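Structure for the following, please:
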Amino acid sequence: MKNKFIGFVCLIYCGIILFIILSNQMNNYLSPSMQKYIIISCPFLIFTSISLFISKSSNKFSIFDLILLLPLIILFFAGNGRLTTDFASNRNSTFKSFGNNIKKKNVHKNSNKNRNDTYNDYSDVSFDDVDFEIIDENYAGLSDEIVYNSNPSSLVGKTIRLRGFTLKRSSFLPKNYFGIGKYLISCCAADSSFGGFMAKINDLSKIKDNTWYEMEGVLELGRDTYNQKILVINVVNYKKINGDNEELYMYPCYAYGDGSCSEVVKYNLS
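Sure thing, here's the model as predicted:
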C-alpha cells in the first residue's frame, strides 16, 4: 500500500512538471540555468514510480506519509507561482547584500552625511543615444556593476534608460530615494530579492509605489544607508508602462544566450 502511494505521488509530481513546462510557466519558478535539472528529474520519477508499483515488498502505510502531498497543496494555493510587485517590500534587496559587504571604518547606517540630495537640471540632455541601455540580458549584471562601481566618479554624468517597477518602502533605501528594478532570481522564486537601481526625482510624490515605469536619467554620486558612496539615477524623463507586458524577473547574465554575458562585458566596467 505504501509503495503504491509513493509511486502515485511520483507520477503526480512528474505530471505537474510536464504541465508547467508545456504551459510555459517554468520561468515563474526557476532561473533558466536551473530548469534543466528539474526537467531531467521526470524520467527518474517515472522509473521510481514503476519500480514501486511492481515491487513485492510490503511496507505499512502511515498517516505521516501524507506529508508527501504538502508540496502539492502549497503549489495549488500558489497559483501560477508568479510574484506580484507589492511583494517586493517584504523581500530582501540586493542593496542589503552590498551594504553587508562594506568593510570601511566609521560607516554608520542611516547616516545623512555627505549625501547628495540636490536635483540638477538635465533638461538639455539628449537621451536619443544613452550610455547604458538596460535590457533583460544585462539587467542584473549592470545594476551590480553600476550602483557600487569601484570607480564611481568615472560614470558620473552618463545617461541611462531602463524599465522596471518601483519600490518606495524599504529600510535599505535612503530618505528621498526610491528603487526601480525587478525581482532577481539566481536559483528559484523562493530566493528572489529586489534588485536594480536607486533613483531620485525632484518630487517623489509623483512616483507611485509598486508601479511599472520606463525611466531615463543621469548617473550621479550618492550615499546608501551605510553612507557608502554609490551611483544613483537622477530621473529626468519617466512614463508609466503596462507591467503585464514586462518580464518581472531578472537573472544572472550567464543565464542568457550562450552564457558569455556579452551584453554586460561590452560596457567594460570591471
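
so what's residue 61 up against?
By Cβ atoms under 8 Å, 6 or more residues apart in numbering, the contact list for residue 61 reads 1-2, 5. (Each C-beta comes from the backbone N, C-alpha and C, glycine too.)

Repeat that for residue 69.
Contacts of residue 69 were listed using Cβ under 8 Å, 6+ apart, and they are residue 9.

Check what pLDDT it gets.
At residue 69, the model reports a pLDDT of 82.

just wondering, since we're on it, how far is it from residue 51?
20 Å (Cβ to Cβ, to the nearest Å).

Strands along the protein, start to end?
Taking DSSP state E, the strands of the chain run over residues 132-133, 159-167, 178-184, 193-200, 212-223, 229-240, 249-250.

Run through the helices of the chain in chain order.
2-22, 32-39, 41-54, 70-78, 94-100, 139-147, 262-265 (DSSP state H).

quick one: which of the ones you listed is nearest residue 236?
Closest approach to residue 236 among the helices of the chain (Cβ to Cβ): helix 139-147, 16.7 Å.

by contact count, what packs against that closest one?
Helix 139-147 sits against helix 94-100, strand 178-184, strand 193-200, strand 229-240, helix 262-265, with contacts defined as 3 or more Cβ pairs under 8 Å, 6 or more residues apart in numbering; DSSP states H and E.

Kindly report which one of the ones you listed carries the lowest mean pLDDT.
helix 94-100 (a mean of 55).

okay, and for the stretch 151-270 of the chain, where does confidence drop off?
Judged by pLDDT under 70, the stretch 151-270 of the chain has its weakly predicted residues at 270.
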